[in-house]
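1. dropping a prediction and its sequence here:
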Amino acid sequence: MNTNQDSFSNCNPKFFHELKPTNHFVNALLTDLYQLTMAYCYWKQGRHEDQAVFDLFFRKCPFDGEFAASLEECVRFLATFQFTESDIQFLKNVIQAEEEFFDWLRNLDVSQVVVYGVVEGSVVFPLVPLLRVEGPLAVCQLLETTLLNLINYASLVATNAARFRLAVGEKSLLEFGLRRAQGADGGMSASRYTYLGGFDATSNVLASKLFAIPCSGTHAHSFVQTFSDCSQLITTKLLDSNRNEREFVQLVLETREKLGYSTNQGELAAFISYAQCFPDKFLVLVDTYDTLGSGVPNFICVALCLLEFGYKPLGIRLDSGDLSYLSKAARKEISRISRLTGKSELNQVKIAASNDLNEATLLSLQQQGHEIDIFGIGTHLVTCQQQPALGCVYKLVEINRQPRIKVSEDISKLTIPCSKNAYRLYGKEGYPLVDLLTLETEEAPKVGDKILCRHPYVERKRCLIVPTRIEPLLKMIWNGKPVEPCLYPLSQLREFCKQEMSCLREDHRRFLNPTPYKVSVSQTLFDFIHRLWLEETPIPELI
Ligand SMILES: Nc1ncnc2c1ncn2[C@@H]1O[C@H](COP(=O)(O)OP(=O)(O)OP(=O)(O)O)[C@@H](O)[C@H]1O
Ligand SMILES: O=P(O)(O)OC[C@H]1O[C@H](OP(=O)(O)OP(=O)(O)O)[C@H](O)[C@@H]1O
Ligand SMILES: O=C(O)c1cccnc1
Ligand SMILES: [Mg+2]
């Protein structure tokens, strides 16, 4: 397996003035038309400078917990937000507006915008703002679509990765999804945010370079198929670990003879060729012809000879069939030969498995028992087949210091009005117990106080908590310019994410019917919501 960890990180805060979105498509025009039509109406009404507050949050998730991801890209987007002359010329064809509106757009910037966000890699729960965006109404409105686009998939795929991590425990997880991802950006984002969510490496070379992710991979079936027999090998020799050139192919053929294997000759030639190129990274795909009848025996022959030459073979990859059965059978044969030859190092080789793996197959494999050490996962990871989109929304909660609410028949679609703060309250055992939303103007909750936490909508649901620790969740990340520190190396975010996961109580983490984590509001905010709710809903007259 080839692994490259010598990548650079582009997260140095010294380069704030050079901040640019990673994807060239991310700019002020990457938005929905309706943001611009609304902006025009605000401008016509002279309301574009009204002071607005928007919350970006999600309402429900399958996991009862998500990871916030892509905050760095939000900052990068804000750092370059402007309409270019060519954007303006294009927009003149799209919306009928007065010339002065386009002059206003031309000079628009986000210098008056303030953004608070939860730290990238945090576990976040429904209704808690991932971002709180404050500033002039029109420009805050214009940010909606792009911020949602940046956060939704990144957070979803990071969460999906964390679920795969939960399913396999400490085993290695490789991301193989580039070929199946939704376009180039989908592939790049998947590699980046699945690493954040707990994968160990990616096969995506560009993502490895740009985001400093360990790069890892094996080979495809085509490589095996191109060989017919050992006569195609350009040399029969190999340098041993002491740099002495020695006959290798003959030794492999003799080993095969001695062990009594009758295997596919082309496959054997392919494995020898791979070993000659990567003698210390020998991990080969064994299912091209017959996993147990040919692939595994061929691997064993070459691996034994590599050991003889002073190298440590890495292992095999299974890519079809019953992965539980095949991994156990392969391990058994490897152990048998290890005992037979007295080569105990052979027993240390790893078994990798791939082929349409998803959360359900991983959990089932755990139940059945298996000998797999490394899982390579592509399609189901990057496409998030279990929940293909995260439903973060961006809602107005305050205008000119006046609270705003969105009323809905569906109680889960009510918005929580006002500019708010969010706190995570921890209990005696050290686990987070609830997230508490308060009015921004309220005093912060204090450790040791008895705090009444109310369900935002259901009157009878409430609890008292005496927190042993309180973490404010929203930190200022943009104040007309980036607020330091807001950019962290991906590896640091990954560690943080791991730590966040381990802090969650077991019953919140389990796959089947997890206990919902409580997101509450203070008594003051509760009263506020319910008063506003009644005020904004007309009383129907029955006739
Ligand atoms: N022990 C197992 N328990 C549950 N699911 C498994 C197990 N082993 C493999 N799988 C899954 O079963 C599916 C098998 O795929 P499929 O029916 O296409 O056969 P295949 O092995 O890929 O055959 P092919 O030789 O055509 O590639 C894959 O999604 C794989 O992840
Ligand atoms: O199955 P995934 O989770 O997407 O993982 C990546 C897959 O991509 C590769 O083969 P590919 O699917 O291109 O061809 P194959 O299935 O015929 O081997 C690899 O062999 C895996 O099977
Ligand atoms: O390196 C691999 O084994 C690999 C990479 C991408 C997709 N499937 C497998
Ligand atoms: Mg496949």
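-> Great, that's in hand. Ligands and ions are numbered 1, 2, ... in the order given.
2. so how far is residue 141 from the residue in the stretch 51-200 of the chain that ligand 2 sits nearest to?
-> Nearest residue of the stretch 51-200 of the chain to ligand 2 (Cβ to the nearest ligand atom) works out as residue 176 at 4.0 Å. C-beta here means a position set from N, CA and C on the backbone, and glycine is covered the same way. For residue 176, the distance to residue 141 (Cβ to Cβ, to the nearest Å) stands at 40 Å.
3. quick check: pLDDT value at the residue of the stretch 51-200 of the chain closest to ligand 2.
-> Listed pLDDT for residue 176 reads 98.
4. who in the stretch 51-200 of the chain is up against ligand 3?
-> Counting by Cβ under 6 Å from any ligand atom, the residues of the stretch 51-200 of the chain close to ligand 3 are residue 176.
5. strands of the stretch 51-200 of the chain, start to end?
-> Along the stretch 51-200 of the chain, counting by DSSP state E, counting those that start in this stretch, strands occupy 51-57, 66-67, 114-117, 123-124, 131-136, 172-175.
6. output those as CSV; include the columns distance to residue 253.
-> As requested, the strands of the stretch 51-200 of the chain are exported to CSV (distance: least, Cβ to Cβ, whole Å):
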stretch, distance to residue 253
strand 51-57, 64
strand 66-67, 52
strand 114-117, 62
strand 123-124, 55
strand 131-136, 64
strand 172-175, 32
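7. low pLDDT regions in this protein?
-> 1-17, 62-65 (pLDDT under 70).
8. if we go to 50?
-> 1-11, 13 (pLDDT under 50).
9. which bits of it sit near ligand 3?
-> Residues of the chain lying near ligand 3 (Cβ under 6 Å from any ligand atom): 176, 203, 217-218, 317, 354, 376, 378.
10. rerun that using 5 Å as the cut-off
-> 176, 203, 217-218 (Cβ under 5 Å from any ligand atom).
11. buried ones from those, can you make that a ChimeraX selection?
-> Buried residues within the residues of the chain next to ligand 3, by 16 or more other Cβ atoms under 10 Å, are selected in ChimeraX with:
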select :176,203,217,218
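12. want to throw the residues of the chain next to ligand 3 into TSV with distance to residue 310?
-> Below are the residues of the chain next to ligand 3 laid out as TSV (distance: Cβ to Cβ, whole Å):
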residue	distance to residue 310
176	31
203	28
217	24
218	22
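13. and for the residue of the chain found nearest ligand 2, the neighbour number?
-> Among all residues of the chain, residue 378 sits closest to ligand 2, at 2.8 Å; criterion: Cβ to the nearest ligand atom. Residues contacting residue 378 under the criterion other Cβ atoms under 10 Å number 21.
14. what sits up against the helix or strand that contains residue 301?
-> Secondary-structure assignment from DSSP states H and E places residue 301 in helix 296-308. Contacts to helix 296-308, defined as Cβ atoms under 8 Å, 6 or more residues apart in numbering, come from residues 248, 251-252, 255-256, 259, 261, 263-264, 267-268, 271-272, 275, 279, 282, 284, 286, 312-313, 316, 329-330, 333-334, 337, 341, 343, 345-346, 349.
15. just the CA coordinates for that helix, please, in PDB.
-> Output in PDB follows, covering the C-alpha atoms of helix 296-308 (Å, rounded to 0.1, in the frame of the first residue of the first chain):
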ATOM      1  CA  VAL A 296      -4.300 -15.900  -1.700                       C
ATOM      2  CA  PRO A 297      -1.800 -18.700  -2.600                       C
ATOM      3  CA  ASN A 298      -0.100 -16.400  -5.100                       C
ATOM      4  CA  PHE A 299       0.100 -13.700  -2.500                       C
ATOM      5  CA  ILE A 300       1.600 -16.200   0.000                       C
ATOM      6  CA  CYS A 301       4.300 -17.300  -2.400                       C
ATOM      7  CA  VAL A 302       5.400 -13.800  -3.200                       C
ATOM      8  CA  ALA A 303       5.100 -12.700   0.400                       C
ATOM      9  CA  LEU A 304       7.300 -15.500   1.700                       C
ATOM     10  CA  CYS A 305      10.000 -14.600  -0.800                       C
ATOM     11  CA  LEU A 306       9.800 -10.900   0.100                       C
ATOM     12  CA  LEU A 307      10.300 -12.000   3.700                       C
ATOM     13  CA  GLU A 308      13.300 -14.000   2.500                       C
END
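16. which elements pack onto the very next helix or strand once past that helix?
-> With elements assigned by DSSP H and E, the helix or strand that comes after helix 296-308 is strand 315-318. With contacts taken as 3 or more Cβ pairs under 8 Å, 6 or more residues apart in numbering; DSSP states H and E, strand 315-318 sits against strand 283-285, helix 323-341, strand 350-353, strand 374-377.
17. got the CA positions of strand 315-318 in PDB?
-> What follows is strand 315-318 as a C-alpha-only set of coordinates in PDB (Å, rounded to 0.1, in the frame of the first residue of the first chain):
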ATOM      1  CA  GLY A 315      -1.400  -7.800   2.800                       C
ATOM      2  CA  ILE A 316      -4.200  -8.600   0.500                       C
ATOM      3  CA  ARG A 317      -7.400  -6.900  -0.700                       C
ATOM      4  CA  LEU A 318     -10.700  -8.800  -1.100                       C
END
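18. could you shift the numbering so residue one becomes 34, and keep it that way?
-> Taking 34 as the first residue, the last one we looked at is strand 348-351.
19. partner strands of that strand, with direction?
-> Using DSSP bridges, strand 348-351 pairs in its sheet with strand 316-318 (parallel), strand 383-386 (parallel).
20. ok, the residue nearest the centre of the chain to residue 177 distance?
-> Nearest residue to the geometric centre of the chain (Cα atoms, centre = their mean): residue 191, 1.9 Å. Per Cβ to Cβ, residue 191 is found 21 Å from residue 177.
21. how near is whatever residue of the stretch 134-283 of the chain ends up closest to ligand 3 to residue 311?
-> The stretch 134-283 of the chain approaches ligand 3 most closely through residue 250 (2.9 Å), counting by Cβ to the nearest ligand atom. Counting by Cβ to Cβ, the separation of residue 250 from residue 311 is 11 Å.
22. up against ligand 1, what does this protein have?
-> Residues of the chain lying near ligand 1 (Cβ under 5 Å from any ligand atom): 353-357, 388-390, 394, 397.
23. scan this protein for its longest helix.
-> If you go by DSSP state H, the chain has its longest helix at helix 177-201.
24. just give the nearest non-adjacent residue to residue 377, would you?
-> residue 371 (6.1 Å; Cβ to Cβ, 6 or more residues apart in numbering).
25. now do the contacts for that neighbour.
-> If you count contacts by Cβ under 8 Å, 6+ apart, then residue 371 has 377-380 around it.
26. going by distance to ligand 3, which of those wins?
-> residue 379 (21.5 Å).
27. my reading is that that closest one lies in a helix. Confirm?
-> Yes - using DSSP: H, G, I helix; E, B strand; the rest coil, the assignment for residue 379 is a helix.
28. does it touch residue 370 like I think?
-> Yes - in this structure, residue 379 is within contact of residue 370 by Cβ atoms under 8 Å, at 6.4 Å.
29. about what we covered before: filter the contacts of helix 329-341 down to the buried ones, PyMOL style.
-> Here is the PyMOL command that selects only those of the contacts of helix 329-341 that count as buried (16+ other Cβ under 10 Å):
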select buried, resi 281+284+285+288+289+292+294+296+297+300+301+304+305+308+312+315+317+319+345+346+349+362+363+367+370+374+379+382
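30. tell me, how many residues neighbour the nearest residue to residue 70 once chain neighbours are set aside?
-> The shortest distance from residue 70 to any non-neighbouring residue, by Cβ to Cβ, 6+ apart, is to residue 128 (6.1 Å). Other residues lying near residue 128 total 13 when counted by other Cβ under 10 Å.
31. give me the phi and psi for the residue lying closest to residue 210 once chain neighbours are set aside.
-> Leaving aside its chain neighbours, residue 210 sits nearest to residue 415 (3.3 Å; criterion: Cβ to Cβ, 6+ apart). The phi/psi pair for residue 415 (degrees, to the nearest 10) reads phi -80, psi -30.
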